[in-house]
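>>> next come a sequence and a model predicted from it.
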Amino acid sequence: TLPRYRLVDEAGGLHGGFRFVTSAGPSAFTPGVEVLRIDYRDVAENPRWPIRKILDELVQIDDTHYLGQALLEFRGSLRRAAWFALEPM
């Protein structure tokens, strides 16, 4: 976990850290690509830095796997901070 931030216990033994808003549409970073956005930026309860500077974008690469890019708002523009993958447990 990040310093000064704590996980919140949720139902079923799951943990949540930060709230986000999801939407589908064109990538904010990669022209011509449709993505699922996980957006932490406009959630007032999230810490200003760094969480409210993060936008994740996902594309489905097969029936159960997603490839994502974590984007970080820096000096007024989005920059790719990391690649990540999601798959079912």
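Received, thanks.
>>> the closest residue to residue 61 other than its chain neighbours sits in which helix or strand?
Setting aside the residues directly before and after it, residue 61 is nearest to residue 67 in space (Cβ to Cβ, 6 or more residues apart in numbering), at 5.2 Å. (C-beta placed from N, C-alpha, C; glycine too.) Using DSSP states H and E, residue 67 falls within strand 66-74.
>>> now that strand: average pLDDT?
Mean pLDDT, computed over strand 66-74, is 96.
>>> same check on stretch 18-28?
95.
>>> show me what counts as buried in it.
Buried residues in stretch 18-28, counted by 16 or more other Cβ atoms under 10 Å: 18, 20, 27.
>>> give me the phi and psi for residue 53.
Backbone torsions for residue 53, taken as degrees, to the nearest 10, come to phi -110, psi 10.
>>> tell me the SS of the most far-flung residue of the chain relative to its centre?
Here the centre of the chain is the reference, and by Cα atoms, centre = their mean the most remote residue is residue 12, at 22.4 Å. Following DSSP: H, G, I helix; E, B strand; the rest coil, residue 12 is assigned to helix.
>>> and the pLDDT for it?
The model's pLDDT for residue 12 equals 73.
>>> that one and residue 64, how far apart?
Residue 12 sits 21 Å away from residue 64, going by Cβ to Cβ, to the nearest Å.
>>> circling back to that earlier point, pull the distance from the strand holding residue 67 to the chain's centre.
Chain-centre distance of strand 66-74: 7 Å, with Cα atoms, centre = their mean, to the nearest Å.
>>> buried residues in it?
Using 16+ other Cβ under 10 Å as the test for burial, strand 66-74 gives 66, 68-69, 71, 73.
>>> what is the nearest of the residues you listed to residue 51?
Closest approach to residue 51 among those (Cβ to Cβ): residue 73, at 11.0 Å.
>>> quick one, grab the pLDDT at the spatially most central residue of the chain.
The chain has residue 56 as the residue nearest its centroid, 3.2 Å off, counting by Cα atoms, centre = their mean. The score at residue 56 is 98. That number is its pLDDT.
>>> that's all I had, so thanks and see you.
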